[in-house]
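# how does the following fold in three dimensions:
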Amino acid sequence: MRQPILPGFIALAAVLALTACSKEAPPAPPPPQVGVVTLGSGAAPLQTELPGRISALETSEVRPQISGIVRDRLFQEGAMVRAGQTLYIIADAPYRATLGTAQANLARARASINATRLQAQRYRELVGMNAVSRQEADNADAAAQQAVAEVAAQRAAVRSAQIDLDFTRIKAPISGRIGRSAVTPGALVQAGQAEILATIQRTDQVYVDISQSAAQLLDLREAMRAGGVTASRAAPVRLILPNGKPYAREGRLQFSEVTVDPTSGAVTLRATFPNPDGMLLPGMFVRAQLTEGLRTNAVLAPQRGITRDQRGRAVALVVGRDNKVAQRFVTIDRPIGSNWIVSSGLRAGDRLIVEGMMAVRPGMVVTPAAPQQAPRSTRN
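Here you go, the predicted structure:
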């Protein structure tokens, strides 16, 4: 037996049906917006930062050439000295006496020349008259020649004594700043001693010896041989001082060592820097920023657009023509400012995602827009 349908139930069902019909399906969410940068290509300098050490342009160790007692020191430690300036005076009385003896011996030898020469002439005349034997005449000639040789020997002795006397004035071999003195007046110094008296360094210009690994040098030469990199002539070099501040003046790369240090596997590059105010001190460690070459048609990508996956590979997300996200594995060479030089994986014209990467996945459709934080130019 069928149960009767209540009027209230019918009314409730009608109301529910009308409510369901009045609601439409919710619209699909819009594609997420991402910030993109269109990559370009151009010439990019290959810059690198390497450790370096300052050394003086010229260095001279002041040493005594004779033995004696230091009588005076004529310079102030740490002052500038000029080439030829007298630095120390050694007691010269013994050397003056030696010079006087040599000069007296020279005068004696010169006086004997005339006597022996005249005697040799007389004997040659007497030989013609058979007044003396030929042997006696030959002996007289030999005595005259010995007198001449004795004069030459005594002249050399005088010159040697004069040199020793001059060495009692120890002079600066080069111009520069002199360091501390290792001796004081009254000290005994000896010719050929191991201890130096003082050191003079010329620092108005300095060398910076830079260490570069042999692997980096080989990579650069291979890139030049392949044609993608051109050499940078008279490459400028910038310095970062130990306090982290840049040095105001620019240097120039001079040469590269022809051998590899077997202990470090590095090659030494040498640059010269002007140092008129003496800020660069010999022995100081610095960081050198130099341009090794110029890469042609280089693709520069903002560093914030390159990430790493779990395997450590460099990854980039780009927006295709249909606004779909695609993933690229890239090879990066080196940084230039806030950009990477990309060797492979990206090309000019690609739209690289630099903002909103965490909210998108490969294959998603996105809305590309200019990044809110404008990146630095991707062209050099």
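# compute the first-to-last residue distance for stretch 81-101.
Start to finish, the residues bounding stretch 81-101 are 35 Å apart (CA to CA, to the nearest Å).
# list the buried residues for that stretch?
Val81, Leu87, Tyr88, Ile89, Ile90, Asp92, Pro94, Tyr95, Thr98, Leu99 (16 or more other CB atoms under 10 Å). Every residue, glycine included, has its C-beta placed from N, CA and C.
# max pairwise distance over these: which two?
Greatest spatial distance among the buried residues of stretch 81-101 (CB to CB): Val81 and Thr98, at 29.0 Å.
# what pairs with the helix or strand Val325 falls within, parallel or antiparallel?
Assigned by DSSP states H and E, Val325 belongs to strand 325-329. Sheet pairing for strand 325-329, assigned by DSSP bridges, gives strand 314-319 (antiparallel).
# leaving out the residues flanking it, which one is nearest to Ile89?
Asp72 (4.3 Å; CB to CB, 6 or more residues apart in numbering).
# for that neighbour, helix, strand, or coil?
At Asp72 the chain is in strand, as set by DSSP: H, G, I helix; E, B strand; the rest coil.
# let me see the contact set for it.
Applying CB atoms under 8 Å, 6 or more residues apart in numbering to Asp72 gives the contacts Tyr88, Ile89, Pro185.
# quick check: of these, which lies closest to Asn243?
Tyr88 (37.2 Å).
# show me where the stretch 51-200 of the chain has its strands.
Ranges of strands in the stretch 51-200 of the chain, per DSSP state E, counting those that start in this stretch, are 68-73, 80-81, 86-90, 169-171, 176-178, 188-189, 198-213.
# just name the most buried of those.
When the strands of the stretch 51-200 of the chain are scored by mean count of other CB atoms under 10 Å, the highest mean neighbour count falls to strand 176-178 (a mean of 21).
# in its sheet, what does that strand sit against?
In the sheet, strand 176-178 lines up against strand 80-81 (antiparallel), strand 198-213 (antiparallel) (DSSP bridges).
# Gly349: which of those strands is closest?
Using CB to CB, the nearest of these to Gly349 is strand 198-213, at 34.6 Å.
# got the angle for that closest one vs strand 86-90?
If you take axes from the mean of the first three to the mean of the last three CA atoms, to 10 degrees, strand 198-213 sits at 130 degrees to strand 86-90.
# just to revisit the earlier point, any chance of the strands of the stretch 51-200 of the chain in a markdown table, with mean pLDDT and distance to Ile54 too?
Shown next, in a markdown table, are those (pLDDT from 0 to 100; distance: least, CB to CB, whole Å):
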| stretch | mean pLDDT | distance to Ile54 |
| --- | --- | --- |
| strand 68-73 | 95 | 28 |
| strand 80-81 | 94 | 18 |
| strand 86-90 | 96 | 25 |
| strand 169-171 | 96 | 27 |
| strand 176-178 | 94 | 14 |
| strand 188-189 | 95 | 31 |
| strand 198-213 | 91 | 5 |
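# let me have those strands in TSV, extended by distance to Ala348.
Shown next, in TSV, are the strands of the stretch 51-200 of the chain (distance: least, CB to CB, whole Å):
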stretch	distance to Ala348
strand 68-73	69
strand 80-81	56
strand 86-90	65
strand 169-171	66
strand 176-178	53
strand 188-189	72
strand 198-213	30
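# and Asp322, which of those is closest to it?
Among the strands of the stretch 51-200 of the chain, strand 198-213 sits nearest to Asp322 (CB to CB), with 45.0 Å.
# and the angle from the closest one to strand 68-73?
Going by the same axes, to 10 degrees, strand 198-213 makes 90 degrees with strand 68-73.
# quick one: strand 198-213 to chain centroid distance?
Distance of strand 198-213 from its chain centroid, counting by CA atoms, centre = their mean, to the nearest Å, is 8 Å.
# okay, and the beta partners of Met80?
The partner residues for Met80, given DSSP bridges, come to Arg177.
# ok, now how distant is the residue nearest to Ile89 from Ser181?
12 Å (CB to CB, to the nearest Å).
# no further queries at this time; thank you.
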